[in-house]
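A.B. asks: Sharing a model prediction with you, sequence too.
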Amino acid sequence: MFDSSKESYVAESVALDKILSSKRSNPYSKEKSIKLLREEHFNGSLANPLPKNTKWKKVDVGGVPAEWVYCSNISSDSVFLFIHGGGYYRGSAQASRSVVARISAAAGIRCLSIDYRLAPECPFPCAINDTYVSYDWLIRQGVSHKNIVVGGMSAGGGLSLALSLKLKDKRENQPCGLVAISPWTDMTQSGKTMKTNASKDPIISKSYLDRMAGLYLNGVQAKTPYASPLFGNLKGLPPTLIQVGSAETMLDDSLRMVNKAKKELVEIEYECWQDMFHGWHGSAHILKEGDKAIKSIGKFCKRVLRLKK
């Protein structure tokens, strides 16, 4: 069983300091409205250029808006089902297109990136229901579960894990692999790094997550496994890759998930990237650690899909 936490990833890029400085210059405030936070996220995503040869096409997947994203040569019929992040209240396929295109290029497969419904307009369980509908649509289109990897970032990472729990409960076939990037697995915000990394993380704070969890849960218990997969029964999950930055307040969301998964005999790979911040993959065009992390995702996909490397 591979555990990449044993490896040393040292951030040496000058770009990192510039990125962190920029993020610290516009910190989160509880006074910011949801509308403003959504606008800031979308405008920030426009700064992430698409890699060469990126193509995308909008599609309706059982009533859920989505887009196919391709980059470079596609070598198989396999699919990466991507679920964007954004605290369940913001984010979109368009805003995450740059990351998705790079995953497509690294893995050599097409990606289906979905726009699940967002809180507070559409609280739990809308997001997990839309994720399930999208996976089911792929199956109904004739894509074998053996040819599907499901993955996402932050809230999308949590949804990827939650989807696997839902499939297990429904006794349906699992995808051949899961990729959870800095997944939000615990809506109680009880991880120790919520405090110990508070001064390091320029993006995510406990107060921020508490606010967004309240909007999404809308009265539902925070430990509900489809919202907080950390509290679910993980036995039977498919091979899983979890990546997280060592500077994240959400680090413990990943580390506790990994430890629990190992106890329940899940085949799991864990990569803790030294000094990385939440969502560093989005800076892959200027940050070598982002590029390397995405290439690692590509290698994982090729392995579980049994594609040529």
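C.D. replies: Now that the structure is in, tell me what you want to look at. The structure displayed is predicted, hence computed values, not measured ones.

A.B. asks: Could you list the buried residues of the strand or helix carrying G290?
C.D. replies: G290 is part of helix 288-305 when elements are defined by DSSP states H and E. Neighbour counts over helix 288-305 (16 or more other CB atoms under 10 Å) mark 289-291, 293-298, 300-305 as buried. Glycine gets a C-beta too; all of them are placed from N, C-alpha and C.

A.B. asks: Who are the contact partners of F231?
C.D. replies: By CB atoms under 8 Å, 6 or more residues apart in numbering, the contact set of F231 is 186, 223-225.

A.B. asks: and the helix holding G290, what's its mean pLDDT?
C.D. replies: On average, the pLDDT along helix 288-305 is 97.

A.B. asks: I'd like the numbering to begin with 29 instead of 1 from here.
C.D. replies: Okay, residue one is now 29; in that scheme the one you just asked about reads as helix 316-333.

A.B. asks: Could I have the CA atoms of that helix written out in PDB?
C.D. replies: Taking Å, rounded to 0.1, in the frame of the first residue of the first chain, the C-alpha atoms of helix 316-333 are listed here in PDB:
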ATOM      1  CA  LYS A 316       5.400  23.600 -10.100                       C
ATOM      2  CA  GLU A 317       3.800  21.800  -7.100                       C
ATOM      3  CA  GLY A 318       0.400  22.300  -8.700                       C
ATOM      4  CA  ASP A 319       1.600  20.800 -11.900                       C
ATOM      5  CA  LYS A 320       3.300  17.900 -10.100                       C
ATOM      6  CA  ALA A 321       0.200  17.100  -8.000                       C
ATOM      7  CA  ILE A 322      -1.900  17.000 -11.100                       C
ATOM      8  CA  LYS A 323       0.600  14.700 -12.900                       C
ATOM      9  CA  SER A 324       0.400  12.400  -9.800                       C
ATOM     10  CA  ILE A 325      -3.400  12.300 -10.200                       C
ATOM     11  CA  GLY A 326      -2.900  11.300 -13.800                       C
ATOM     12  CA  LYS A 327      -0.600   8.400 -12.800                       C
ATOM     13  CA  PHE A 328      -3.200   7.200 -10.300                       C
ATOM     14  CA  CYS A 329      -5.900   7.300 -12.900                       C
ATOM     15  CA  LYS A 330      -3.800   5.300 -15.400                       C
ATOM     16  CA  ARG A 331      -3.100   2.700 -12.700                       C
ATOM     17  CA  VAL A 332      -6.600   2.100 -11.500                       C
ATOM     18  CA  LEU A 333      -8.000   2.300 -15.100                       C
END
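
A.B. asks: Output the contacting helices and strands for that helix.
C.D. replies: helix 125-135, strand 176-181, strand 205-209, strand 268-273, strand 296-301 (3 or more CB pairs under 8 Å, 6 or more residues apart in numbering; DSSP states H and E).

A.B. asks: before we move on, back to that, by neighbour count, which of the contacts of F259 wins?
C.D. replies: D214 (24 neighbours; other CB atoms under 10 Å).

A.B. asks: check contacts around that residue.
C.D. replies: By CB under 8 Å, 6+ apart, D214 lies in contact with 256, 258-259, 280-281, 284.

A.B. asks: Which helix or which strand is home to it?
C.D. replies: Secondary structure (DSSP H and E) places D214 outside all helices and strands.

A.B. asks: Next, it: phi, psi?
C.D. replies: Main-chain torsions, D214, degrees, to the nearest 10: phi -140, psi 100.

A.B. asks: For the helix holding G318, what is the distance to the chain centroid?
C.D. replies: Distance of helix 316-333 from its chain centroid, counting by CA atoms, centre = their mean, to the nearest Å, is 14 Å.

A.B. asks: What of stretch 326-337?
C.D. replies: Put simply, stretch 326-337 sits 19 Å off its chain's centre (CA atoms, centre = their mean).

A.B. asks: Can you list the neighbours in contact with it?
C.D. replies: In contact with stretch 326-337 (CB under 8 Å, 6+ apart) are residues 103-104, 106, 108, 131, 133-137, 175, 177, 204-205, 207, 266-267, 269, 297.

A.B. asks: So how do I select the buried members of those residues in ChimeraX?
C.D. replies: Entered in ChimeraX, the line below selects the buried ones among those, by 16+ other CB under 10 Å:
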select :106,108,131,133,134,135,136,137,175,177,204,205,207,266,267,269,297
